[in-house]
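Participant: model the following, please.
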Amino acid sequence: MTTAIPAFCITCGMKLVSGAAFCAGCGIKQAGGAATSEQAPPIPVAEIGAPPTPSAQPAKPASVGRATTLLWASLGIGTLNALIYSDTLSALAGVTVGIMAIITIVSMAISAGLVVMVDSRKNWARVTLLVLGVPGALIWLLSPQVRIVFQVIPFSGILSLAAYGSQVVALVLLFKPEANNWFRLP
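Facilitator: Now for the predicted structure:
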């Protein structure tokens, strides 16, 4: 008695080529309507005409997700601060409102690009945020302008402090061991 080869692989469900003894999808031998543990050599995807499947991306650690959320919040707070207090902040910095607007737009665009790259598992973007963020926060904190900002427009100072604080927490989260492992994966 001969057994018919099924039209579909009973292991993976892929349609079988007529008369095939092995499934082109999973390589399981098709014998008597039941799959066996014997496998055929793998068939390159190009040979079976199917598009390559993307490799599974490792799951993003929760600390990286929280860090990117904090970085987006920091950008939002910084943008809000710049919009509300553009006249006063530009006067304190000694530049025109137009120059302050250009500086704000360029720095926010660069920061947003870095956040997107960090979220895409680009280690260089994480390191860049560290190299730019820590000195920037220290310069801001040690600047005599900070005291003036807190005296003249205290809410702007509070917004700036919240933005820098969220950046520092985000950087700590981005360099936790599980984040380090995720960024180092191939």
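Participant: mind listing the strands for the protein?
Facilitator: For the chain, the strands defined by DSSP state E occupy 28-31, 34-39.
Participant: could I get the contacting residues of residue 108?
Facilitator: By Cβ atoms under 8 Å, 6 or more residues apart in numbering, residue 108 lies in contact with 75, 78-79. All C-beta atoms are positioned from the backbone trio N, CA, C, and that covers glycine.
Participant: could you check the distance from it over to residue 94?
Facilitator: Relative to residue 94, residue 108 is positioned 21 Å away (Cβ to Cβ, to the nearest Å).
Participant: swap in residue 127?
Facilitator: From residue 127 to residue 94 the distance is 32 Å (Cβ to Cβ).
Participant: please say which of the two ends up with more neighbours.
Facilitator: For residue 127 versus residue 94, neighbours defined as other Cβ atoms under 10 Å are more numerous around residue 127 (14 against 9).
Participant: quick check: chain neighbours aside, which residue is closest to residue 168?
Facilitator: Once flanking residues are discounted, residue 168 sits nearest to residue 137: 6.1 Å by Cβ to Cβ, 6 or more residues apart in numbering.
Participant: next: residue 133.
Facilitator: Spatial nearest neighbour of residue 133, chain neighbours left out: residue 167 (5.2 Å); criterion: Cβ to Cβ, 6+ apart.
Participant: next up, the contacts around that neighbour.
Facilitator: Applying Cβ under 8 Å, 6+ apart, we find residue 167 in contact with 70-71, 74, 129, 133, 137.
Participant: show me where pLDDT drops low in this protein?
Facilitator: 1-7, 10-12, 25-26, 31-56 (pLDDT under 70).
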